[in-house]
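Student: Next comes the sequence, and after it the predicted model I'd like to discuss.
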There are 2 protein chains.
Amino acid sequence: MNENKVVKFSYEQLDRLCMDAFQKFGFNAKQASIITDVLLTADMYGIQSHGMQRMVRYYKGIQKGTMKVDAKPEIVFETPVSAVVDGHDGMGQLNGHFAMELAIAKAKKAGVGIVSVRNSNHYGIAGYYAKMAAKEGMLGFSCTNSEAIMVPTFGRQAMIGSNPQAWCVPARPYDFLFDASTTVVTRGKLEMYNKLDQPLPDGWALDAQGEPTNDAAMVLDNIVHKNGGGIMPLGGNTETLGSHKGYGNGMVAEIFSSILSMGTTSESTMQNGKSGICHGFMAINLNAFGDGEAISQHLSEYLQKLRDSAKADGHDKIYTHGEKEILAMADRKANGIPVIDKTMTEVKDLCDYLDLDFADYFGEYQPPKAEGMFVGNY
Amino acid sequence: MNENKVVKFSYEQLDRLCMDAFQKFGFNAKQASIITDVLLTADMYGIQSHGMQRMVRYYKGIQKGTMKVDAKPEIVFETPVSAVVDGHDGMGQLNGHFAMELAIAKAKKAGVGIVSVRNSNHYGIAGYYAKMAAKEGMLGFSCTNSEAIMVPTFGRQAMIGSNPQAWCVPARPYDFLFDASTTVVTRGKLEMYNKLDQPLPDGWALDAQGEPTNDAAMVLDNIVHKNGGGIMPLGGNTETLGSHKGYGNGMVAEIFSSILSMGTTSESTMQNGKSGICHGFMAINLNAFGDGEAISQHLSEYLQKLRDSAKADGHDKIYTHGEKEILAMADRKANGIPVIDKTMTEVKDLCDYLDLDFADYFGEYQPPKAEGMFVGNY
């Protein structure tokens, strides 16, 4: 990464910008605060690819009508432990927040709540929703499908989304929070490499013939135009290193999102001005297995053993999942949130569109001139 | 693989041998048939590492008392959607079968059933139990921890098991059945490479210093003696290719097995003559999300699209999960079940121990002489 191309702003600056922008788009203050919180939590967690960097996709999505500002999530099927929600093409963050609150409410009463959502949009980081359950002392699970970017093992056509799965369980001193795409990396990572003009590492992406490539711009363009190629599943593109496992985990996310909800599967999303993205959510009450506090303590002790275990030569730290997010938050609070300067060009464009004064948020700072770098379907 | 070292026997031959052996050990006919079915289903599915190849570990486990023949699984906590089962050191297959039947019964009534099992033993292929739910028209999930073999990212000490997750959902012409360890490969695969004197592929295993190695015998010995090293998580040993993701998925299996049940975590299993292995099971009634048949059909159509999608250069087939098992079953029915000849040496030894006539099952066939190749903690 070229550090010269990264600028830093405070949480408050970005929060004010996002709140104003989403309200300008027509969301009420509560809605704007949910969308903003999902977005900036990604930046605070150090998941730069899913924070401000994605702002332009929401902007374009709302502008083009793919994301409907006045949509309300609707429960179309329900039991005491389950529900299917139709998102009616509303914002993914609002549908996701609604659905996870529903899953949590069911888990409080019945022990478990599973909710599958159809007709939604990109919902940001999966971990945000899993964490909502952990805040209530529960095990949380969240997953989503997305525009197809994952090429199945032995294929050359993207047929599955990045399809992240996030799991969160309460623990001390910090929750277990595992949030990962089932591809080797996310599309957002490719977008960042593209913005920074860096070649992709080996083992990440495939060209239109299904052959490995390091060219981020080409892969992103191929994804948008459905020319073939895409990102490899976790485990690469051969069975020797487990390609079929990443592919299988992607399918699990697809099942909880688009299959259970009878929604749009990844390969058919983003067509005819409609996203069709689907999500899945699960909340499991730890008290349904005995003493929830003791279970959380049992996990905490195991996580501590992992952190204390012997390190490989050249390493002095073993992370448990969720720790990097805690460290990133402390850093962002002290030093500000890093944003790639080309993202700020997109933010400037957004401000102009919404008639917001860029300088009112960012003072003297001037982003680089636009060079048509936005790559996306919205 | 050196084909000269593999011999083939019919399902009936191996079934009769297993049934007789387990009944000789003291199991009743129903128990013996459950254990045998789990074991031989692995061989029929082509998952050779978890079939007859593992027979010796059950034999040693029962012989040493780590696996108790007279144990009965006990429900120690229960709600309409959940349960914790104490396996009392009984056979993993019997505990697993009991727990998944319980999860299915709950899901029939309440929509979902989640069961966590402690104090069990190696239960064979995770997919067997997930498939039990699919046979009832449900989504099935099963996972287990195991003796620690996975080295966490940046570590050099095995702290997590192979920790497979299996998911099965009814579909036509065959169910979606995804069953995979969260390590790059299983310990059983290393045992097979060891028996065949083959070097391990790159990217599979770590030595006691946490450095990559191709030496199967050394890694297996280090695991047994807890000397350090082990198998890499899916995604290898660097974050660039997603090591933390395989590690995270391993943790999810740990949470559903040893954490929810307040059982023994992987790094503390196989101590003081006790296994302590734990399992997790979930059954989700598709009708809890609307029309289960329609949901299954929706999945079937997506799976067909995947199989029909464009192939990479040099490949003419894209598999969906569960297809290889169907193909392997057809092959085994027609051509017999392949078994490594050194495994037959172990079977011969078992027959001698139990006073069963090896020739009665395998006729003229003579396995190679024993060379002390068994590596294991049982």
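Tutor: On my side now, so go ahead.
Student: least trustworthy helix or strand in chain A by mean pLDDT?
Tutor: In chain A, the helix or strand scored least confidently by mean pLDDT, DSSP states H and E is helix A:187-195, which has a mean of 86.
Student: which element follows it toward the C-terminus?
Tutor: Counting by DSSP states H and E, the element after helix A:187-195 in chain order, helix or strand, is strand A:205-206.
Student: Which residue ranges of the stretch 1-150 of chain A form helices?
Tutor: A:11-24, A:29-44, A:55-64, A:92-110, A:126-135 (DSSP state H, counting those that start in this stretch).
Student: So for chain B, which of these sits nearest?
Tutor: Chain B sits nearest to helix A:92-110 of all the helices of the stretch 1-150 of chain A, at 6.2 Å, using C-beta to the nearest C-beta. (C-beta placed from N, C-alpha, C; glycine too.)
Student: can you pull the contacts of the closest residue to residue A:369 other than its chain neighbours?
Tutor: Excluding the flanking residues, the one nearest residue A:369 by C-beta to C-beta, 6 or more residues apart in numbering or on different chains is residue A:345, at 7.1 Å. Neighbouring residues of residue A:345 by C-beta atoms under 8 Å, 6 or more residues apart in numbering or on different chains: A:367, A:368, A:369, A:370, A:373.
Student: Pretty sure residue A:345 sits in a strand.
Tutor: No: the assignment for residue A:345 by DSSP: H, G, I helix; E, B strand; the rest coil gives helix, which leaves it out of any strand.
Student: returning to what we had before: can you list the buried residues in the least confident helix or strand of chain A?
Tutor: Residues A:187, A:188, A:189, A:190, A:191, A:192, A:193, A:194, A:195 are the ones in helix A:187-195 that count as buried (16 or more other C-beta atoms under 10 Å in any protein chain shown).
Student: Also stretch A:278-294?
Tutor: By neighbour count, and taking 16+ other C-beta under 10 Å as the criterion, the buried residues in stretch A:278-294 are A:278-290, A:292.
Student: follow-up on the earlier one: can you tell me which of the buried residues of helix A:187-195 is closest to chain B?
Tutor: Relative to chain B, the closest of the buried residues of helix A:187-195 is residue A:189; by C-beta to the nearest C-beta it sits at 10.6 Å.
Student: Help me confirm that the closest one comes into contact with residue A:49.
Tutor: Yes: Residue A:189 is within contact range of residue A:49, at 5.3 Å (criterion: C-beta atoms under 8 Å).
Student: ok so, going back, and the buried residues of stretch A:278-294 near chain B, which?
Tutor: Residues of those in contact with chain B (C-beta under 8 Å from any C-beta of the partner chain): A:284, A:286, A:288, A:289, A:290.
Student: so who does the last one touch?
Tutor: Put plainly, it is residue A:290. Counting by C-beta under 8 Å, 6+ apart, residue A:290 makes contact with B:77, B:84, B:262.
Student: out of the residues you listed, which is most surrounded?
Tutor: Within the contacts of residue A:290, neighbour counts (other C-beta atoms under 10 Å in any protein chain shown) peak at residue B:84, which reaches 24 neighbours.
Student: Can you tell me the SS state at residue A:171?
Tutor: From three-state DSSP, the assignment for residue A:171 is coil.
Student: How many residues are close by it?
Tutor: Residue A:171: 24 surrounding residues under other C-beta under 10 Å.
Student: got a list of what it touches?
Tutor: Taking C-beta under 8 Å, 6+ apart as the criterion, residue A:171 is in contact with A:296, A:299, A:300, A:303, A:322.
Student: how near is the second one to chain B?
Tutor: Here the distance between residue A:299 and chain B works out to 5 Å (C-beta to the nearest C-beta, to the nearest Å).
Student: quick check: angle from the helix or strand harbouring that residue to helix A:126-135?
Tutor: Secondary structure from DSSP H and E places residue A:299 in helix A:292-308. Orientation check (axes from the mean of the first three to the mean of the last three C-alpha atoms, to 10 degrees): helix A:292-308 against helix A:126-135 gives 130 degrees.
Student: Next, the buried residues of helix A:292-308.
Tutor: Judged by neighbour count using 16+ other C-beta under 10 Å, the buried positions of helix A:292-308 are A:292, A:295, A:296, A:298, A:299, A:300, A:302, A:303, A:306.
Student: List the residues that contact the last one.
Tutor: Residues in contact with residue A:306 (C-beta under 8 Å, 6+ apart) are A:318, A:320, B:152, B:155, B:159, B:160.
Student: pLDDT score for the third one?
Tutor: Taken from the predicted model, the pLDDT recorded for residue B:152 is 97.
Student: I figured it hits residue B:248, correct?
Tutor: No: using C-beta under 8 Å, residue B:152 is not in contact with residue B:248; the gap is 9.9 Å.
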